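> Fold the following and give me the result.
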Amino acid sequence: MNSVLNFDADDFKPHEECGVFGVYSFDGALSPAYACYNGLLALQHRGQESCGIAVSDRGVISYSKDLGLVNEVFNDKIIADLVGEIAISHVRYSTAKQKSRENAQPIVMRYAKGNFAIAFNGSFVSSLAHKSVNFAAYDEFVPIYFMDTLGGVNFIPTHYVDITNQIETKLEALKKHESQIKWMFEHDHIDFIDMIRTCSRYRGYQSGVTYAEGFRPCTVYPRMTTKHLLP
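You can find the predicted model right below:
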């Protein structure tokens, strides 16, 4: 059943907890690692426990992270060794987990289909105690929602947020990214602002309002019945 979510204005006020900074250098003129370093310095007040930077060079990820302040963890040599075209970085404000290097971000994972790095503001949660970090289960936690795809393709929302009163503010904010919008139009012939407005109008049509954004909840452990058990 589809539903429209309502949020309190306090949900959108700044809070403490972690800082996340990302950079993409589409023309190679910018060092993403150096840009992230400066970004983390500006976000240092969001977390002083640990910090890290991960850089992808055409899918090959290199990273560095440790306990300490940004200027303690990184130096010129470390930054110079982090080569690539896209980077994410993180300063951590400890919430529930213990203080240790293992909890520093970004988290870099390697699996059958390749590598990825993730940095987030918050904590992974579980209804069971996590033995590897000796950390107790949460009694309750805030649900996580997956966001709509950029053009609304191959995504079927189950929950919607009414943004009718915020659509113009959203579009004006997006217009500030002038270089990206210009590049998308010249390179892919995409009018990004018009695409966002059209997608928002379509999601609004689906949910019974003028403009909306679509989401799907993340089911932490989706155990459910099935009519077809494949061999």
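
> what residue ranges in this structure score low on pLDDT?
1-16, 95-98, 122-142, 220-231 (pLDDT under 70).

> Tell me which stretches of it form helices.
32-42, 70-73, 76-81, 167-175, 178-188, 192-207 (DSSP state H).

> Would you indicate which residues of the last one are buried?
By that I understand helix 192-207. Buried residues in helix 192-207, counting neighbours by 16 or more other C-beta atoms under 10 Å, are found at 192-193, 196-197, 199-201, 203-204, 207. Yep, even glycine has a C-beta here, placed from its N, CA and C like the rest.

> Also the fourth one?
With burial defined by 16+ other C-beta under 10 Å, the residues of helix 167-175 counted as buried are 167, 170-171.

> CA atoms of it as PDB?
Output in PDB follows, covering the C-alpha atoms of helix 167-175 (Å, rounded to 0.1, in the frame of the first residue of the first chain):
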ATOM      1  CA  ILE A 167       9.600  22.000  -5.400                       C
ATOM      2  CA  GLU A 168      10.700  25.500  -6.500                       C
ATOM      3  CA  THR A 169      13.200  25.700  -3.600                       C
ATOM      4  CA  LYS A 170      14.600  22.300  -4.600                       C
ATOM      5  CA  LEU A 171      15.000  23.300  -8.200                       C
ATOM      6  CA  GLU A 172      16.600  26.700  -7.300                       C
ATOM      7  CA  ALA A 173      19.100  24.800  -5.200                       C
ATOM      8  CA  LEU A 174      19.900  22.400  -8.000                       C
ATOM      9  CA  LYS A 175      20.400  25.300 -10.400                       C
END
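
> Determine the set of other helices and strands touching that helix.
In this structure, helix 167-175 packs against helix 192-207, with contacts taken as 3 or more C-beta pairs under 8 Å, 6 or more residues apart in numbering; DSSP states H and E.

> With the last one instead?
Other elements packing on helix 192-207 under the criterion 3+ C-beta pairs under 8 Å, 6+ apart are strand 159-162, helix 167-175, helix 178-188, strand 212-217.

> Give me the residues contacting that helix.
Contact partners of helix 192-207, identified using C-beta atoms under 8 Å, 6 or more residues apart in numbering, comprise 2, 4, 148, 150-152, 157, 160, 162-164, 167, 170-171, 174-175, 180-181, 184-185, 210-214.

> tell me the contacts of Glu175?
That one is not Glu; residue 175 is Lys. Lys175 touches 181, 193, counting by C-beta under 8 Å, 6+ apart.

> hang on, the earlier thing: for Ser89, which of the helices and strands packed on helix 192-207 is the nearest?
helix 178-188 (19.6 Å; C-beta to C-beta).

> from the middle of its chain, how far away would the closest one be?
Put simply, helix 178-188 sits 22 Å off its chain's centre (C-alpha atoms, centre = their mean, to the nearest Å).

> Give me every residue in contact with it, excluding its own residues.
Residues lying outside helix 178-188 but in contact with it, judged by C-beta under 8 Å, 6+ apart, are 26, 174-175, 190-193.

> Return the alpha-carbon coordinates of it using CSV.
Output of helix 178-188 as CSV, limited to C-alpha atoms (Å, rounded to 0.1, in the frame of the first residue of the first chain):
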residue,chain,number,x,y,z
GLU,A,178,25.8,25.3,-13.0
SER,A,179,28.8,23.4,-14.3
GLN,A,180,27.2,20.0,-13.9
ILE,A,181,23.9,21.1,-15.4
LYS,A,182,25.7,22.6,-18.4
TRP,A,183,27.9,19.5,-18.9
MET,A,184,24.9,17.2,-18.8
PHE,A,185,23.1,19.3,-21.4
GLU,A,186,26.1,19.6,-23.7
HIS,A,187,27.3,16.0,-23.3
ASP,A,188,24.0,14.0,-23.0
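
> Fine by me, thanks again.
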